[in-house]
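**Q** Model the following, please.
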Amino acid sequence: MEFLTNTLLLKIFGIEIFSLIDFAELAARFAFNLIVNVVIIRYIYYRTTNRKDYLFTYLLISIVVFFICYLLENVKLELGFALGLFAIFGIIRYRTTQMPIREMTYLFVIIGISVINALANKKISYSELIFTNFAVIVIVWGLERLWLLKHESYKKITYEKIELVKPENHHLLKQDLENRTGLKITRFEIGQINFLNDTAKIKIFYYDNTVVSTVTVEEN
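**A** Down below sits the predicted model:
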């Protein structure tokens, strides 16, 4: 047994080739962190939004953040390092498209969970770590499925019946918009009115239980 232990702790240039205990801890923590993030990303976020474009991003960010925090923990940056990661990833903005606030919130949750799971030391018991992850999952699920059942989306349209924008004709305007769009409109906002070509910019709001993120569509 002693020979096996010494073999497992052989070093090259001062770096261990393989440490069974350290590797087992890394694998166990990584598996736990991956399971928690997959539950949040795939079984809460995706089932609520039906959006696949952020699944790839969230999963890879959670994996990379975990490895960065875990492998560099011994550098003794710990708290400052964690705060630095929050600052860096918290201001990420994708130049191709603006990231909605809900997706930014999920990004913050994924980063936070990965940092916690990676930097938790011996002063934190496994029961506390498991409870923290479980609490985040339950709260996110509860907010999505029990509290925020309906999510308001909107569309921007260009409307040509200028006479219906008058306050006394708003009930007719709403009825006409619902007939033409097929949506159950909860409210609307009248924007710019162009009297030269008799059109108005109107933003209509409706509840869509299948698409959570706000969608902007221009209709001519």
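**Q** Just the helices from this protein, written as ranges.
**A** Taking DSSP state H as the criterion, the chain contains helices spanning 2-8, 20-40, 46-49, 55-71, 78-90, 101-119, 126-142, 170-181.
**Q** How is this structure partitioned into domains?
**A** 2-147, 152-219 (automatic domain parsing).
**Q** could those domains go into a markdown table alongside mean neighbour count?
**A** Using the backbone N, CA and C atoms, a C-beta is placed for each residue, glycine as well. Putting these into a markdown table (neighbours: other CB atoms under 10 Å) gives the following:
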| stretch | mean neighbour count |
| --- | --- |
| domain 2-147 | 14 |
| domain 152-219 | 14 |
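**Q** a markdown table for the ones you listed, including mean pLDDT?
**A** Shown next, in a markdown table, are the domains of the chain (pLDDT from 0 to 100):
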| stretch | mean pLDDT |
| --- | --- |
| domain 2-147 | 79 |
| domain 152-219 | 82 |
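**Q** And for stretch 174-181, what's in contact with it?
**A** With CB atoms under 8 Å, 6 or more residues apart in numbering as the test, stretch 174-181 has contacts from Lys155, Ile157, Tyr159, Lys161, Leu164, Leu183, Lys184, Ile185, Phe188, Ile202, Ile204.
**Q** show me the contacts for Tyr45.
**A** So Tyr45 contacts Arg51, Tyr54, Leu55, Tyr58, Tyr106, Glu144 (CB under 8 Å, 6+ apart).
**Q** same deal with Tyr106?
**A** Ile40, Ile41, Tyr45, Tyr54, Tyr58.
**Q** Of those residues, which pair is most distant in space?
**A** Largest separation among those by CB to CB: Ile40 and Tyr54, giving 11.8 Å.
**Q** so how far is Phe134 from the residue nearest in space to the middle of the chain?
**A** Centroid-nearest residue in the chain, with CA atoms, centre = their mean: Tyr106, separated by 2.2 Å. To Phe134, Tyr106 is 18 Å away according to CB to CB, to the nearest Å.
**Q** Mind putting the helices of the chain into TSV with distance to Asn197?
**A** Below are the helices of the chain laid out as TSV (distance: least, CB to CB, whole Å):
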stretch	distance to Asn197
helix 2-8	79
helix 20-40	49
helix 46-49	37
helix 55-71	42
helix 78-90	44
helix 101-119	35
helix 126-142	47
helix 170-181	18
